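**Student:** no sequence on hand, only this structure:
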């Protein structure tokens with residue numbers, strides 16, 4: 001399935017009272033993500049009905065954002081905020097800084113990047 005064809009999958013919970021949703025664009029590993037959003041299978045009141053409407057709106061927004069991200073990735077265009085966060089993540093979580101001088105230089109560099 002092409003990344004532009006992202007489908008919303010609905011799965012019923014074990015207690016049969018809720019529906020959980022995930023986004024899928026293929027059957028391979030890593031081609032499905034959970035949205036973390038649920039709806040009530042049989043809403044008991046107006047609050048639950050309103051929750052269901054809002055949840056479906058959120059799921060569609062997540063699907064749309066994922067389509068956009070796939071299109072941007074396929075085009076070779078890189079989002080600047082993703083580059084910056086990935087760079088910071090790499091240095092904050094995977095590199096060990098050995099001495100205090102390197103740490104000071106690194107902190108100054110982080111401050112520079114955030115401005």
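**Tutor:** Ah, there it is. For clarity, every value in this text was computed on a predicted model and none was experimentally measured. Residues are numbered from 1 along each chain as shown.

**Student:** in what helix or strand does residue 66 lie?
**Tutor:** Taking DSSP states H and E as the criterion, residue 66 maps to helix 46-75.

**Student:** could you do residue 23 as well?
**Tutor:** Counting by DSSP H and E, residue 23 is found in strand 18-24.

**Student:** just want the angle from whichever helix or strand comes after that strand to helix 46-75.
**Tutor:** Going down the chain from strand 18-24, the next helix or strand is strand 32-40, by DSSP H and E. In terms of direction (axes from the mean of the first three to the mean of the last three Cα atoms, to 10 degrees), strand 32-40 departs from helix 46-75 by 160 degrees.

**Student:** so what touches strand 32-40?
**Tutor:** Taking contacts as Cβ atoms under 8 Å, 6 or more residues apart in numbering, the residues outside strand 32-40 that touch it are 9, 13, 17-26, 48, 51-52, 55-56, 58-59, 62, 66. For the C-beta atoms, the positions are set from N, CA and C on the backbone; glycine is no exception.

**Student:** and the angle for the helix holding residue 66 with strand 18-24?
**Tutor:** Relative orientation of helix 46-75 and strand 18-24, computed by the same axes, to 10 degrees: 10 degrees.

**Student:** quick one: buried residues of helix 46-75?
**Tutor:** Using 16 or more other Cβ atoms under 10 Å as the burial criterion, the residues of helix 46-75 that qualify are 51, 52, 55, 59, 62, 63, 66, 67, 70.

**Student:** how is the chain carved up into domains?
**Tutor:** Here the domain assignment for the chain is 7-75, 80-114, based on automatic domain parsing.
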